[in-house]
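> dropping the sequence and predicted coords here.
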Amino acid sequence: MFLPDKPSHSQSLFLAVSGAVTALLCAGVLRWRMAAHGLQGDGYLDLAPVLVGLGTFVVFASFGLLISARSVLWMMSRAAIRWLRVLFLAMAALFFLPEHTADPGALRLVLAQWSAIVLPAVLLALALLRRWIHMVNNTPGNLRHAVFLGLGPEALKLAMRVDRSPILGIRVHGYYADRPIEKVAEGLYVPPYLGQYSDALGAMEADQYDIIFVGLGIEQSGAHAQALMNRVYDSTASIYFMPESPLLGEFTVNSADIAGVSLLALHETKMLGLSKNVKRAMDLALGSIALVLAAPVMLLAALAVRLDSPGPVIFRQRRYGEGGVPITVYKFRSMRVQQPGSEQGVLRQARQRDDRVTRVGRILRKTSIDELPQLFNVLQGSMSLVGPRPHAAEHNELYRKQIRGYMLRHTVKPGITGWAQVHGLRGETETPEKMQQRVAYDRYYITNWSVWLDIKILLRTVLMVLWDRNAY
């Protein structure tokens, strides 16, 4: 449910055009302002507009929100954030290229003027390009007419998104099925019911539709199924099969290719081979730096735990690691040692105003300092800096029976922080629904992992530590 759509060839062309337009705009304005201040013919500085243009093309040729169902204002706000990458590139090109004698004051003035002109110009250009794309896709010759054969949950979701995305140039006429669907949530878009599968034969013979979405459960409709599909194959429409098996549940299906054989992937990871080695090198490098920087804080925390309450400084707990293999996770002890006769063998999650948490422990948990000993787990190789947060083994055994796909989060090493945590999913999970939401974010991370995603999570984690209200 989280995975972004891959652009079609037509959409890729539109994105390439947007990249080219914004690149020419950014490079042209920069060259114009540099010429106005006499900053030309000065060594490598003349390359600055070229570098900025190339960088702008890369940034905006992959800006998928330009052709999405999101509002124009949302698109422009995200474009402004994306433009900051171009600004950083322009700063680097103007101030760090070698062999030029330009006055730094003049360069700063050029950068300020360029930014003031280019940002609104780029946003206006993207808004106009979006309007142009909408007009092109919805001209009588380009508007495509679509129909659904069967309307399961995934087909209904697709129909709703297409209805909300007129920029795609697809008009859904309705759906054929053995019977109209029932029990639809109030306010949810449902395309018109056009009749039974037998009624669809005439429409298929008349070639009324440009797109036909076929539910994989159509074979259950009986004798009409094969005749209908024969007619679909004899049409001139684009044909798409919808994965509508009840076995899929809430899983997102993606296309995959292994050894030249096309597959439908329910769960996979990019952390394989060289990518896995790169992630491990990143863990070792950043983990070592973090440990050196955090050493004074860790020593003070250890001393505070020792003086605050009796018991060990380090709390060790059995959790599951990569592949479901048990690992020992280290934390600073933040709770009182369990006394004989208390709830031994019963593992309760920490909650707000939990009387088991010590005075020092409350501070450690609020600031996430209690997690710092897990840097040793990272250096040992049992954990990563970024990954799905490991839960206590007892909780794992509980939730794996309640949530389908729960153990898939252990496809990779657990992390000190993760995609779920930077989205506020931290703290007590009172209900299976809350844990299921975490699992969904964890599976998104596993499927869409990249070095840049790890860096983004680490940066957001640093910011969240300062005002995380879910830590207690």
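Done, it's in.

> which stretches in the stretch 351-472 of the chain count as strands?
384-386, 415-417 (DSSP state E, counting those that start in this stretch).

> can I get the ones you listed in JSON lines with distance to Leu129?
Every residue, glycine included, has its C-beta placed from N, CA and C. Shown next, in JSON lines, are the strands of the stretch 351-472 of the chain (distance: least, C-beta to C-beta, whole Å):
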{"stretch": "strand 384-386", "distance to Leu129": "35"}
{"stretch": "strand 415-417", "distance to Leu129": "37"}
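
> which one of those strands lies closest to Leu13?
Closest to Leu13 of the strands of the stretch 351-472 of the chain is strand 384-386 (C-beta to C-beta; 35.1 Å).

> give me the contact list for the closest one.
Strand 384-386 has contacts (C-beta atoms under 8 Å, 6 or more residues apart in numbering) with 279-280, 282-283, 286-287, 290, 378, 412-419, 445, 453-454, 457-458.

> now the strands: where do they sit in the stretch 101-250 of the chain?
144-149, 170-176, 193-195, 211-215, 238-242.

> list the buried residues for the second one?
By neighbour count with 16 or more other C-beta atoms under 10 Å, strand 170-176 contains the buried residues Ile170, Arg171, Val172, Gly174, Tyr175, Tyr176.

> could you say what helices and strands that strand packs with?
The contact analysis (3 or more C-beta pairs under 8 Å, 6 or more residues apart in numbering; DSSP states H and E) places strand 170-176 against strand 144-149, helix 153-163, strand 193-195, helix 197-205.

> do the fourth one as well
Secondary-structure packing of strand 211-215 (3+ C-beta pairs under 8 Å, 6+ apart): strand 144-149, helix 153-163, helix 223-233, strand 238-242.

> what about the stretch 1-150 of the chain, any weak spots by pLDDT?
Scanning the stretch 1-150 of the chain with the threshold set as pLDDT under 70 gives 1-9, 41-43, 69, 97-102.

> brain fart, the stretch 201-350 of the chain
216-224, 245-250, 338-350.

> repeat that with 80
Within the stretch 201-350 of the chain, the ranges that satisfy pLDDT under 80 run 205-207, 215-227, 243-264, 337-350.

> just put the helices and strands packed on strand 170-176 in TSV and tack on mean neighbour count.
Formatted as TSV, the helices and strands packed on strand 170-176 follow (neighbours: other C-beta atoms under 10 Å):
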stretch	mean neighbour count
strand 144-149	21
helix 153-163	18
strand 193-195	15
helix 197-205	17
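
> okay, helices next: where are they in the stretch 51-200 of the chain?
72-96, 104-137, 153-163, 197-205 (DSSP state H, counting those that start in this stretch).

> could you give the angle of the longest one to helix 72-96?
This means helix 104-137. Relative orientation of helix 104-137 versus helix 72-96 (axes from the mean of the first three to the mean of the last three C-alpha atoms, to 10 degrees): 150 degrees.

> use 8 as the first number for this chain going forward.
Okay, using 8 as the starting number, the last item reads as helix 111-144.

> hmm, back to that, could you point out which of the helices and strands packed on strand 218-222 sits nearest Ala447?
Nearest of the helices and strands packed on strand 218-222 (C-beta to C-beta): helix 160-170, 15.1 Å.

> what would the buried residues of strand 177-183 look like in a markdown table with pLDDT and distance to Ala86?
Below are the buried residues of strand 177-183 laid out as a markdown table (pLDDT from 0 to 100; distance: C-beta to C-beta, whole Å):
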| residue | pLDDT | distance to Ala86 |
| --- | --- | --- |
| Ile177 | 90 | 24 |
| Arg178 | 92 | 28 |
| Val179 | 92 | 29 |
| Gly181 | 91 | 35 |
| Tyr182 | 90 | 36 |
| Tyr183 | 88 | 40 |
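
> farthest-separated two in the residues you listed?
Ile177 and Tyr183 (17.3 Å).

> if we can go back for a sec, out of the helices and strands packed on strand 218-222, nearest to Leu371?
Using C-beta to C-beta, the nearest of these to Leu371 is helix 160-170, at 43.3 Å.
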